[in-house]
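S.K.: Pasted the sequence and its predicted model underneath.
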Amino acid sequence: QQQVKQSPQSLIVQKGGISIINCAYENTAFDYFPWYQQFPGKGPALLIAIRPDVSEKKEGRFTISFNKSAKQFSLHIMDSQPGDSATYFCAANGDNFNKFYFGSGTKLNVKP
Amino acid sequence: EAQVTQNPRYLITVTGKKLTVTCSQNMNHEYMSWYRQDPGLGLRQIYYSMNVEVTDKGDVPEGYKVSRKEKRNFPLILESPSPNQTSLYFCASRWGGPYNEQFFGPGTRLTVL
């Protein structure tokens, strides 16, 4: 049973457009929600993370929106660029801070 | 350069032949963890270690063993590999508490025939 559900599985966006990836969770003990970016042949790398005491966090073109009551969080990539083409994973932890639960991943393709 | 290294990067083996995937970090991190990545399933945690001689199970520990005898090393052992352990494996490490960044290694692609 997947603790963190991620959608869509794949996404095609034109250069300059907005990419949106959604995640949902059930465990209300989760209180740390990182997003990872993975390029082919590489390990995941932390992109941006949020804790539930804020509803939004922005770093450059990347924004996390967090809805605690709906138990959902999403990644928005503004002005998407071909260099953003990668696989994105959401993740969560909190009931046991040493255990991490990842979403199934979204493969983003930004067309030039 | 601060990094997590894994060896080997690619491995093809046969059912039942014991193997070890090594993981080493040079950042003096207390926390280390192993994940497997499978299409449609994302990353799933196998084992983690909070410090030397302290390890615990993740979500999918069956068929795997780990040890943490030194702070920098966290090998993953498959004593009797089976085809369902064919996967992409990642080691990660982190300094301090849970809100600190996890650094991932480059991955090991394992095929069990």
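M.R.: Cool, the structure landed. Numbers count the residues shown, from 1 in each chain, chains lettered A, B, ... in the order given.

S.K.: near chain B, which residues of chain A show up?
M.R.: A:2, A:4, A:6, A:9, A:32, A:34, A:41-46, A:49, A:51, A:89, A:91, A:93-94, A:97-105 (CB under 8 Å from any CB of the partner chain). From N, CA and C alone the C-beta is placed, and that goes for glycine too.

S.K.: residue ranges for the strands of the chain, please.
M.R.: Using chain A here. Along chain A, counting by DSSP state E, strands occupy A:4-7, A:10-14, A:19-25, A:33-38, A:45-50, A:56-59, A:62-67, A:72-77, A:86-92, A:101-102, A:106-111.

S.K.: actually chain B
M.R.: Under DSSP E, chain B gives strands at B:4-7, B:10-13, B:19-25, B:31-38, B:42-51, B:54-57, B:65-66, B:76-78, B:87-94, B:102-104, B:108-112.

S.K.: what's the closest of the ones you listed to chain A?
M.R.: Distance to chain A, taken as CB to the nearest CB, is lowest for strand B:102-104 among those, at 3.3 Å.

S.K.: So for the closest one, mean pLDDT?
M.R.: Here strand B:102-104 scores 97 as its mean pLDDT.

S.K.: Give the other helices and strands that it contacts.
M.R.: Packing partners of strand B:102-104 (3 or more CB pairs under 8 Å, 6 or more residues apart in numbering or on different chains; DSSP states H and E): strand B:87-94.

S.K.: Which elements pack onto the strand it packs on?
M.R.: Secondary elements touching strand B:87-94 (3+ CB pairs under 8 Å, 6+ apart): strand B:4-7, strand B:19-25, strand B:31-38, strand B:102-104, strand B:108-112.

S.K.: residues contacting the closest residue in space to residue B:14 that isn't next to it in sequence?
M.R.: Leaving aside its sequence neighbours, residue B:14 sits nearest to residue B:113 (CB to CB, 6 or more residues apart in numbering or on different chains; 5.2 Å). Contact analysis of residue B:113 by CB atoms under 8 Å, 6 or more residues apart in numbering or on different chains lists B:12-15, B:83.

S.K.: Would you reformat these as a markdown table and include pLDDT, distance to residue B:44 and neighbour count?
M.R.: Output for the contacts of residue B:113, formatted as a markdown table (pLDDT from 0 to 100; distance: CB to CB, whole Å; neighbours: other CB atoms under 10 Å in any protein chain shown):
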| residue | pLDDT | distance to residue B:44 | neighbour count |
| --- | --- | --- | --- |
| B:12 | 98 | 22 | 11 |
| B:13 | 97 | 21 | 16 |
| B:14 | 97 | 24 | 10 |
| B:15 | 97 | 21 | 11 |
| B:83 | 98 | 17 | 10 |
